[in-house]
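1. Predicted model and sequence follow; I will ask about them next.
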There are 2 protein chains.
Amino acid sequence: MADIPERGFPEAEFATRTAKAQAKMAEDGLSGLLLMSEPEVRYFSGFQTLFWQSPTRPWFLFLPATGKPIAIIPEIGAALMRRSWLDDIRTWSAPAPEDDGISLLTDLLSPLAQQGEHIGIMKGHETGLRMPLGDYERLIAGLPGLKINDATGLIRGLRMVKSEAEIEKLAHICAIGSATFAKVPEFAAEGTPLEDVFRAFRREALLRGADDVPYLVGGADQGGYHDVISPPSRRPLATGDILMLDTGATWDGYFCDFDRNYAIGAADDLSKRAYDVLWRATNAGMDAARPGATCRDLFYAMQSVIAEIDVQGGDVGRLGHGLGMQLTEWPSLAAFDTTVIEENMVLTLEPSLGYGNGRIMVHEENIVVRRDGVELLSTRAAPALPVI
Amino acid sequence: MADIPERGFPEAEFATRTAKAQAKMAEDGLSGLLLMSEPEVRYFSGFQTLFWQSPTRPWFLFLPATGKPIAIIPEIGAALMRRSWLDDIRTWSAPAPEDDGISLLTDLLSPLAQQGEHIGIMKGHETGLRMPLGDYERLIAGLPGLKINDATGLIRGLRMVKSEAEIEKLAHICAIGSATFAKVPEFAAEGTPLEDVFRAFRREALLRGADDVPYLVGGADQGGYHDVISPPSRRPLATGDILMLDTGATWDGYFCDFDRNYAIGAADDLSKRAYDVLWRATNAGMDAARPGATCRDLFYAMQSVIAEIDVQGGDVGRLGHGLGMQLTEWPSLAAFDTTVIEENMVLTLEPSLGYGNGRIMVHEENIVVRRDGVELLSTRAAPALPVI
C-alpha cells in the first residue's frame, strides 16, 4: 500500500470551497446557505465526528454571502468545532426540545428576513431534512419575508468535483478495499457461514488500515444471488455458490464503494457468462468516462453491453454514481441524468443484470475521471469469475 | 457469553406492534401513519439492510388504520422486503428524481385526502425528514384536504418500551461490548497511538460477535480528556493520560452504548475523584430507575451526586437516554423530560462532569428497568479508576 495520506485538510481547502460556494451564491442571488447534513457541515468546516449517528441533536452551519461559515451547534460539539478554521461558533445546551437551536437561528436570520433576502437550503434529490420538520416549519414561520430557495444544485456542483486532497483519500481507502478483497479467498470457503465471512472481511479491512467498514452487504446462493442489499445469513457457503461482497469502507471520512464476485468450488456457465458481460460493460463505462460526456452516455455505453444477456428484473435503478464523503452521491449513471462529466469526478461504475431464474449479478469499480480518461482507484476485478 | 439469541422476530412481534400502533391511531383519530425512517420502517416490517446508508433513495411504510403495513419502496429492496411479513409491497425504479415514490404515495393517500382524513408523520424531537423536503412539499400540495398530525409521541410511546425479544438482543450486544472492554488493557498501553487503540477495539468487538461497531469515540490526554465526540488522533498514549472509549456496537440491528475510563500508567488524584463521583452518581441513577419515577427524577438523582465536584463546563445536555435500534433514542434523562419510566425501558445512565482545567469525564452503563428495579445490561465498571 502507498504511504498513508495526511488526515484532514489545510485551511486553504475550506477557504477555497467557501469562496466557490459564495461565488455561486452571488450568481444565484442567495444571501446565505443554511446547511444541516453531515457531509455539508464537514465540507465547509472540517468538523468530523461519528456523533452524527445520534439523531437527538441537530447541527447547523450557515454560510454567509462573505466571510467564514458560522456554526450553530450543541455545546457537546464546541470543543471539537473550535479546532476547525471557524471563528464564529454559537452553541446551546442540547437536547432542548423546546428550542433546539431555533432561537439562535432566528437571531442569525432575522436581519435577512427583514430585508426579504433569499437563502438556500438543500431540498432536492438525494437530500433529507436533518432536523425535526416541526422545528423547521416553526423556524420559517418565525421569519416572515425570508425566501427559501433550493440550493441542492449549487452544493451538488461543488461536491461532485473532487480536489486532489480528496482524491488522495479516496484512492487510499480504495487501495485498502482492494487489499481486503485480495484476502477473501483466505477466509471464504465451502462450509463457512456467510455471516462469518462478513465478520472476517470487516476485521481484515480494519487490519489493512480502514477506519471503519460501515457498509457491507452481499449474498451467496447456488448459481447466483438474489438481492444485493441483504445482511448475511448463517448459511454456510457451498460448492456452486456465487458469492458477492460489496463494501463501503472509510478512511478519514471518505468512502470506497465496490464489490467482488466469486464462485465457490466451481462456477456455472451462466454465471461465468454474466460475469464476462459485466466485466466488459465496466470496460465500456471506463472508455466512455471522459470530460464532456454525460452520465447518460456512460449509462448507455454500459447498457449496450449488458443487453447481450439481460433478460429480466434485477432493477437497481442505475449503473453507478458519485462517491466521496457519502457511500452514494450525485450524479447517477442513469438515462435520466444528463450531468456532464468533469475532470476529477470520482464515480462508481456499477453495471448489473438479471439472469437465470431470478438471479442478479453486480460488478463495481471506482474511478476518477482525468483529462484524458479514467484512473482506476480500485484494483480491477479479475477478467474471469474467480473460483475459490 | 450467553447463547446467541435468534436473529429477527417472529411475525407475532410485528403484528403486536402494529396492533398497538393502530389502537393509538384510533385514539388519536389517525387514518394512517406515513413512516420513512430506518428504525420505524424496521420496527413495523422487520426490513433490515445497511442500504439506508445510501441517501439516494427514500423508503416508505404506510400503516393503515387496520391491516398490515404497506411498503412503498425502491425496486432494489423488493426481494428483501418480500421476505418480511408484509403482503402489499409497491415498488418503483429508483432513483427517479422526478418521481421518487411520489405518485405511488399520492395514489395511496388520495382517498384519505378526499375524505379530509388525518394521517400522522414524525416531525417532533429527535426525528428528521428522510426524503427530500421539496418532494414532501410537492406530495402534500398534491393532496389537498389531507390533514397532517405529528405522530412522534405515538411512535415514541411504543418504541421506548422494549419487548423481551428486543431486550434479549440488547443484552447480547451489551455483553459483547463488556467482553470487548475487558480486553482493552491488552491493546491500550503507553506508546500506542489512540487511532490504533480504536482499530484494535473494533476488531476485538467483531471477534467477540458484534455485527458492527458503527460508533466509537473517545479521547486521551494528560490528567483528563477534553471532549467526548472526537475521532482518534495518532498521538501515542502516555503515562498520566486518562483514556475514554465510548462505543455503540450492534447485533441484529440493536445497539449497546456505553463507555469506560482508564488511566495509563498512573492516575492523578483529581481524575480518581471525578471517577468516584461519577461511579456513585451512576449508582444513584440505578437506585432511582423504577417504574413510576420520571426521567427528571433520574436526572436529579445523578446530578445531586455530580454536584460534589462539578465546577464548570462539560455540558453534554443530559445524563442518559433511551437505547435500542438507535444509538440514542427517547427519552432523555434531563430536567426537561418528565416522561414516566416504565417497566422494560432500556436506558443509558451517563453522568458526566467538568473538572480541572477544561477536562471532562463521562461514565455510562446500560440498564433495563424491571418491576422491582434495574437489571444491568453492561457489566458494571470497576468502582475505582482502572490503571493500565
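-> Done, it's in. Residues are numbered from 1 along each chain as shown, chains lettered A, B, ... in the order given.
2. Going by C-alpha atoms from here, please, whenever you check contacts or count neighbours.
-> Noted.
3. Can you give me the distance of the residue nearest to A:A266 when sequence neighbours are not counted to A:M122?
-> Using Cα to Cα, 6 or more residues apart in numbering or on different chains and skipping the chain neighbours, the partner closest in space to A:A266 is A:G240 (5.3 Å). To A:M122, A:G240 is 47 Å away according to Cα to Cα, to the nearest Å.
4. which ones are touching the residue nearest to A:A266?
-> A:D221, A:Q222, A:G223, A:A263, A:I264, A:G265, A:A266, A:A267, A:D268 (Cα atoms under 8 Å, 6 or more residues apart in numbering or on different chains).
5. Redo those residues as TSV? Include pLDDT.
-> Output for the contacts of A:G240, formatted as TSV (pLDDT from 0 to 100):
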residue	pLDDT
A:D221	96
A:Q222	96
A:G223	95
A:A263	98
A:I264	97
A:G265	96
A:A266	96
A:A267	96
A:D268	96
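6. May I ask which of these has the most neighbours?
-> Greatest neighbour count in the contacts of A:G240, by other Cα atoms under 10 Å in any protein chain shown, goes to A:A263: 27 neighbours.
7. could you measure that residue against chain B, distance?
-> As judged by Cα to the nearest Cα, to the nearest Å, A:A263 and chain B stand 22 Å apart.
8. Now do the contacts for that residue.
-> Neighbours of A:A263 in contact, by Cα under 8 Å, 6+ apart: A:T239, A:G240, A:D241, A:I242, A:L243, A:L385, A:P386, A:V387, A:I388.
9. Need the max-distance pair from those residues.
-> The largest distance within those, taken as Cα to Cα, falls between A:T239 and A:L385 and amounts to 14.3 Å.
10. And these two? Which one has more around it.
-> Set side by side, A:T239 and A:L385 show more neighbours around A:L385, with 22 against 19, by other Cα under 10 Å.
11. Hmm, that one is touching A:Y262, no?
-> Yes: counting by Cα atoms under 8 Å, A:L385 touches A:Y262, with 6.1 Å between them.
12. Ramachandran angles for A:L347?
-> A:L347 adopts backbone torsions of phi -130, psi 160, taken as degrees, to the nearest 10.
13. residues from the stretch 51-200 of chain A in reach of chain B?
-> Residues of the stretch 51-200 of chain A found near chain B (Cα under 8 Å from any Cα of the partner chain) are A:51, A:53-57, A:75-77, A:79-80, A:93-97, A:122-135, A:199.
14. Now do the SS call for the residue in the stretch 151-300 of chain A that chain B sits nearest to.
-> Residue nearest to chain B within the stretch 151-300 of chain A (Cα to the nearest Cα): A:R203, separated by 5.3 Å. Of the three states, A:R203 takes helix under DSSP: H, G, I helix; E, B strand; the rest coil.
15. Number of residues surrounding it?
-> Neighbours around A:R203, by other Cα under 10 Å: 24.
16. show me what contacts it?
-> Counted by Cα under 8 Å, 6+ apart, A:R203 has contacts B:R202, B:R203, B:L206, B:L207.
17. how much space between A:L377 and B:G77?
-> 28 Å.
18. again, but for A:A96
-> In terms of Cα to Cα, A:A96 sits 36 Å off from B:G77.
19. same check, this time on A:N283
-> 27 Å.
20. Apart from its neighbours in sequence, what residue is nearest A:P185?
-> Here the residue nearest A:P185, using Cα to Cα, 6+ apart, is A:I388, at 5.8 Å.
21. burial of the one you found, as a residue count?
-> A:I388 - counted by other Cα under 10 Å - has 17 other residues nearby.
22. Quick one, grab the pLDDT at it.
-> pLDDT recorded at A:I388 is 94.
23. Spit out the contact partners of it.
-> A:P185, A:A188, A:A189, A:Y262, A:A263, A:I264, A:G265, A:A266.
24. Report the buried residues of stretch A:191-199.
-> A:P193, A:L194, A:E195, A:D196, A:V197, A:F198, A:R199 (16 or more other Cα atoms under 10 Å in any protein chain shown).
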